[in-house]
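A.B. asks: fold the following and give me the result.
(6 chains, ligands or ions: 5)
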Amino acid sequence: MSPPPATSSPPLMIEARALGFTRRDEDVFGPLDFALRGGEIGLIEGDNGSGKTTLLRVLAGLLRPGTGTVQVLGAQPGSEEARASTIIMGHLLGLKADLSALENLRIGMGLYGRAADANPDAILARVGLDGYANEAVRDLSAGQKKRVALARLALLPARLWLLDEPYANLDRHGIALVNDLLAQHAAAGGAALVTSHGAVNFHQGVTCTVRLAA
Amino acid sequence: MSPPPATSSPPLMIEARALGFTRRDEDVFGPLDFALRGGEIGLIEGDNGSGKTTLLRVLAGLLRPGTGTVQVLGAQPGSEEARASTIIMGHLLGLKADLSALENLRIGMGLYGRAADANPDAILARVGLDGYANEAVRDLSAGQKKRVALARLALLPARLWLLDEPYANLDRHGIALVNDLLAQHAAAGGAALVTSHGAVNFHQGVTCTVRLAA
Amino acid sequence: MLPVLYAIIVATLFPFALGPEHALLARIAGGVVLVTVLLAMLLALDNVFRGDLDDGALEQMLLSPQPLSVLLAARMLAYWLVTALPLLLVAPILAYMLGLQPAVQPVLLLALLLATPLLALLGIVLTALTAGTRRSGMLLSLMLLPLAVPIVIFAAGAVGAAQQGLPWIAPLAWLAAALALALVLAPLACATALRIALDT
Amino acid sequence: MLPVLYAIIVATLFPFALGPEHALLARIAGGVVLVTVLLAMLLALDNVFRGDLDDGALEQMLLSPQPLSVLLAARMLAYWLVTALPLLLVAPILAYMLGLQPAVQPVLLLALLLATPLLALLGIVLTALTAGTRRSGMLLSLMLLPLAVPIVIFAAGAVGAAQQGLPWIAPLAWLAAALALALVLAPLACATALRIALDT
Amino acid sequence: MDRFLAMGGFAMYVWPAYAAFFVILAGDVLATVLRRRRVLRELRGRLARQGPRRRPRTSA
Amino acid sequence: MNAFKLWYHKLGSPPYFYVFAGYIQPWLWTIAIVLALLGLYGGLVLAPPDALQGDAFRIIFVHVPAAWMSLFVYGVMAVSAFIAVIWRPKMAEVLAMESAPIGAAFTLIALITGSLWGKPMWGTYWTWDARLTSELVLFFIYLGIIGLYHAFDDPRQGARAASFLAMIGAVNLPIVHYSVVWWNTLHQGTTVRYFGPSSIAPSMLWPLLLMTIAAKFYYGASLMGRSRVALLDRERGKDWVADEVRGGDVHG
Ligand code: HEM
Ligand SMILES: Nc1ncnc2c1ncn2[C@@H]1O[C@H](COP(=O)(O)OP(=O)(O)OP(=O)(O)O)[C@@H](O)[C@H]1O
Ligand SMILES: Nc1ncnc2c1ncn2[C@@H]1O[C@H](COP(=O)(O)OP(=O)(O)OP(=O)(O)O)[C@@H](O)[C@H]1O
Ligand SMILES: [Mg+2]
Ligand SMILES: [Mg+2]
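C.D. replies: Ligands and ions are numbered 1, 2, ... in the order given. Next comes the predicted model:
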């Protein structure tokens, strides 16, 4: 699966120039330059502790960049405009354990809006959670929880996805599912930045790789 | 790496006969028969939600088996004898976030004892956490936390390891490290039961595979 | 539901600790009910953001395109409806059981009606500030209680005045003014506090 | 450390809520200090197992080869040393601030010295019971407070008797007997409770 | 009859007491009936879906 | 003896108990209702007004049965809880847990009717008398048990944990019962000795006894109904439940 042919130049989703982050005056990741356009999928590679999670949190606006500049959808990360079309999936999935899978999706829609053609039930079926719509998330297995988070991703209208280790805890079907969702998202003009340790069968359409040194 | 040549027959670590588990009278996993001896490494394969975590928790004695029988080191799972030589590493690592890596290892030794030649500092270096001994676990990355848990595993005298997705969140070196630790553990006569989705380069010396149907 | 039970039980402990002397209990009934309701709300408050923080939902909220102050105002309203409203319903019963004069009941109720939303607003701003820390339980009480003191003083002042047959309007008017101010400022302060707590 | 501050602040709220009438405060000082210390311990108690449960450390403890009752006895001792001991140190100060007669101070201290470990033992058994659940905060108060009532009654009985110049040995002797019994039974009960709560 | 209802001037204590007795017990019964309906509805749903619930992929 | 043992074991099996409970439930209901109607007639109509209390004494016919039941149900619950913790039969867990709400209901009734009686007798709805307070504490203990039971995901785990709590809370029973004796001198108008068992007029005694027995049968009936539902819920994977649901015999 390759990125869709660019008719005009697709919009710039992320643009980082000499972006760096320091914590208590220690460099976490060095100066990075990269850009991500609509329809592209970027991969962040790096060993444990090299700063992948930190980078995603900077892009989401949860941490302030240390050095350099970064723009997300033409605005400051974390600004109103940027938040309107960004969604991050981190190590913590942000699901309410006491609520059912369906209720969690509804909360997501309440917060972020809903993609045009999205239907919670259909999406739950797509991620392989047919019979689990009304099960409390607390009672799902690790992989099933991840799938709920993926379903939420597919349901929301965000154009930029920041995914921290989306493949962890998923089985083969789950990994294929993530790649499917990514391909579909890119085909629709969205962009995604994904961290991974490279040990899994990664999505084929990667157009940009950011390497972090440990 | 193949299992060490059995001089006499190595001791039986786990023996399950028609083992099943039901939750609210619904089957979680079907009747299983398998045995694991010292020096062997078993692999539990299954899709998300097929009951891998549940099986490990039954073997550790945290859940009571529903049907069939199971013996761990010749005793009931969870009995004094079984607990003396079993250690489980689950989705929750059991590390105190406010304490440093080293302090967490010390707690582990206080609870479970310490392997003969074990040295916390050396083991932390081995898992790639040289400079992090006095860092609070809260401030480590996801993979670094996992490595602390691996260090604890290597430090303790338990002969049976129950590892739930030990490869998740680890980079290539981390995966090699897990395989190394497993090989060394098996060579020393220990046994391990490992869950995995099979998407990663799994340790070569697997002698027994348990498959769970979703 | 549970904060209510907590308040009932704490209020029940006092007669045990002090002995069932009617005049004494009646004298302190207003104050004990006030303090008890305050403590019950405080306990519940800690769970509001603690849960959201632990499972990452707070981050999702922060990053959503909805204006943060609106989200937080909704959260405050929900919190007040779920914890304070039931407390307001049992407070008169507790006060009766402790022997408060019936004439003072409306004043107590009015004082609570003004004091609880004020506390909720204050508490949520502070909880937002402690959101970045992990040990927020005690810390929150520590920050909230000193700030709650003026609220308690005014509320108790009104109840005490009513118990002695004095005019009790003035302290309640102050509470009402503070509440009006807080209703406007708290959502903004809360949004700011959350940003401060979660940024580096 | 924090429970102490909490107790100080709650005890400080009372003069505000009741008005600074010396005789009245002196009369209720003993009871208020008792209730306050109890509440502070309760708040801290919830964190004892909650944290261990959330990060999986409780499971590690359960599965370790050490006998569970020994581990739990150690946990109880640590809990008492960290929360109750500092509270015992400030309790006389709080009582003094509220105006308790100096002659009653030793009785109050003795009562707390017997009541707090008893509460700690009871509390830990109950916390162990809630270990399998996720929503233990309020539930714990609901379970603990009714069972704590006898402890409060006896402790307050002794203090009250001393305040009136009556003999105060008998209630304290009861507390001491209960404590001796609890010291033997609690670790066993606690281990049983943990097994029940975490088993299937 | 009016005299009976007046309860010698204690009507406002006696009748609420009897009301409390019967209303609370009726609530107990009602709670059971409602719970029974809910449980049966759930069970029928499960049976209608045929087979164990925990097999999403095979049932698709 | 052997027959008894067999019967005991049969009753311990959920499907058998389900059928058994369904069979005796209508009888329990009938007896409870008939006795209650007789008792109400005797108490409200036949019994003459009391010399001291006028008609207010008629509260006794709901207050005392409910107050006694609040203790009796706890006793039954504590015994099944003990069995549930030690020997772990499913039925004991179910009976203990389904008793708790019924006991809480009776306790609440005793509290409400008692305070309604207290106003004309003592001039206040509530005082901190030992009997009253210990009954209030009993109510909280019931609530704690129910709350703990529902805090668990797995009903069996929850039942066992709550049973353990019920055993600990049983220390309150003697306190409630003997409070009037132990604290006799401290508090006013202690209720048990107010009449003295022998001084109750027969016209008052027999309706009281009828109401008391009716309350016991009500407890039995309600417990059977609750247990049947709980069994259906807990044994949802079992064939007998499927048969029961399909068989259409699912009324009442
Ligand atoms: C809220 C107020 C009250 C509560 C909570 C309460 C509670 C109880 C309880 C728990 C019992 C059963 C004691 C036992 O079996 O050991 C009882 C029995 C009784 N109560 Fe009350 N009571 C209250 C008010 C009253 C009042 C105001 C009266 C009448 C003046 C009264 C009259 C009685 C009588 C006659 C009995 C039966 C005594 C016996 O065991 O022979 N109660 N009450
Ligand atoms: N809250 C924190 N406080 C201080 N240091 C931190 C904090 N979080 C992470 N670090 C440190 O910052 C570095 C980068 O961490 P980060 O979580 O970004 O790594 P990562 O690339 O996501 O690793 P992993 O693959 O293990 O998830 C690590 O060395 C880590 O120890
Ligand atoms: N606490 C629970 N209560 C009820 N059901 C549960 C609970 N935990 C797990 N389950 C269910 O039991 C089944 C097996 O779960 P388990 O966690 O063992 O799966 P797993 O094989 O470890 O999956 P994964 O690969 O996603 O970790 C799942 O269908 C899950 O929904
Ligand atoms: Mg990371
Ligand atoms: Mg799992």
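A.B. asks: low-confidence stretches in the chain?
C.D. replies: Let's take chain A. Residues of chain A that meet the criterion pLDDT under 70 lie in A:1-8, A:198-207, A:214.
A.B. asks: that's the wrong chain, I wanted chain F
C.D. replies: Ranges of chain F meeting pLDDT under 70: F:1, F:180-200, F:248-252.
A.B. asks: ranges for the helices of it?
C.D. replies: F:2-11, F:14-40, F:60-87, F:90-122, F:130-151, F:155-169, F:172-182, F:192-195, F:202-234, F:239-246 (DSSP state H).
A.B. asks: so C:Val32 versus ligand 1, what's the distance?
C.D. replies: 20 Å (Cβ to the nearest ligand atom, to the nearest Å). In short, each C-beta sits where N, CA and C put it, glycine included.
A.B. asks: where does chain C have low pLDDT?
C.D. replies: Checking chain C against pLDDT under 70 turns up C:1, C:47-50, C:131-138, C:197-200.
A.B. asks: closest residue of it to ligand 4?
C.D. replies: C:Gly56 (13.3 Å; Cβ to the ion).
A.B. asks: circling back: looking at the helices of chain F, which is closest to B:Leu155?
C.D. replies: Between B:Leu155 and these, the shortest gap by Cβ to Cβ is with helix F:155-169, which sits at 32.6 Å.
A.B. asks: which strands and helices sit next to that closest one?
C.D. replies: Counting contacts by 3 or more Cβ pairs under 8 Å, 6 or more residues apart in numbering or on different chains; DSSP states H and E, helix F:155-169 packs against helix D:105-129, helix D:136-163, helix D:169-198, helix F:60-87, helix F:90-122, helix F:130-151, helix F:202-234.
A.B. asks: domain parsing for chain A?
C.D. replies: A:10-85+A:159-214, A:95-155 (automatic domain parsing).
A.B. asks: how many other residues sit next to the nearest residue to C:Asp54 once chain neighbours are set aside?
C.D. replies: Nearest non-adjacent residue to C:Asp54, counting by Cβ to Cβ, 6 or more residues apart in numbering or on different chains: D:Asp54, 7.2 Å away. D:Asp54 has 13 neighbouring residues, counting by other Cβ atoms under 10 Å in any protein chain shown.
A.B. asks: equivalent analysis for C:Leu166, please.
C.D. replies: Count around C:Leu166 with other Cβ under 10 Å applied: 11.
A.B. asks: residues contacting it?
C.D. replies: Applying Cβ atoms under 8 Å, 6 or more residues apart in numbering or on different chains to C:Leu166 gives no contacts.
A.B. asks: correct me if wrong: C:Ile196 contacts C:Val125.
C.D. replies: No: in this structure C:Ile196 lies outside contact range of C:Val125 using Cβ atoms under 8 Å: 11.0 Å.
A.B. asks: for ligand 5, what's its nearest residue on chain F.
C.D. replies: Counting by Cβ to the ion, chain F gets nearest ligand 5 through F:Asp153, at 16.5 Å.
A.B. asks: what lies in contact with the helix or strand C:Leu85 falls within?
C.D. replies: Per DSSP states H and E: C:Leu85 is located in helix C:85-98. With contacts defined as Cβ under 8 Å, 6+ apart, helix C:85-98 is touched by C:1, C:3-4, C:7-8, C:11, C:14-15, C:25-26, C:28-30, C:32-33, C:36-37, C:40-41, C:102, C:104-105, C:108-109, C:112-113, C:116, F:125-126.
A.B. asks: near ligand 4 too, which of those residues?
C.D. replies: With the criterion set as Cβ under 5 Å from the ion, no member of the contacts of helix C:85-98 is near ligand 4.
A.B. asks: show me which of the residues you listed are buried.
C.D. replies: C:3-4, C:7-8, C:11, C:14-15, C:25-26, C:28-30, C:32-33, C:36-37, C:40-41, C:104-105, C:108-109, C:112-113, C:116, F:125-126 (16 or more other Cβ atoms under 10 Å in any protein chain shown).
A.B. asks: what about chain D: which of those touch it?
C.D. replies: C:Pro3, C:Phe14, C:Ile28, C:Gly30, C:Val32 (Cβ under 8 Å from any Cβ of the partner chain).
A.B. asks: which residue sits closest to the third one, ignoring its sequence neighbours?
C.D. replies: Spelled out, that is C:Ile28. Per Cβ to Cβ, 6+ apart, closest to C:Ile28 is D:Leu18, 5.6 Å.
A.B. asks: state the distance from that neighbour to C:Leu13.
C.D. replies: Applying Cβ to Cβ, to the nearest Å, the value for D:Leu18 to C:Leu13 is 16 Å.
A.B. asks: and C:Leu87, by the same measure?
C.D. replies: For C:Leu87, the distance to C:Leu13 - Cβ to Cβ - is 17 Å.
A.B. asks: any idea how far F:Met97 lies from ligand 1?
C.D. replies: In terms of Cβ to the nearest ligand atom, F:Met97 sits 23 Å off from ligand 1.
A.B. asks: okay, that residue and ligand 3: tell me how far apart.
C.D. replies: 19 Å.
A.B. asks: helix, strand or coil for A:Ile14?
C.D. replies: strand (DSSP: H, G, I helix; E, B strand; the rest coil).
A.B. asks: show the backbone phi and psi for the nearest residue to it once chain neighbours are set aside.
C.D. replies: Among residues not flanking A:Ile14 along the chain, A:Leu36 sits closest, at 4.3 Å (Cβ to Cβ, 6+ apart). A:Leu36 adopts backbone torsions of phi -130, psi 130, taken as degrees, to the nearest 10.
A.B. asks: all good on my end, thank you.
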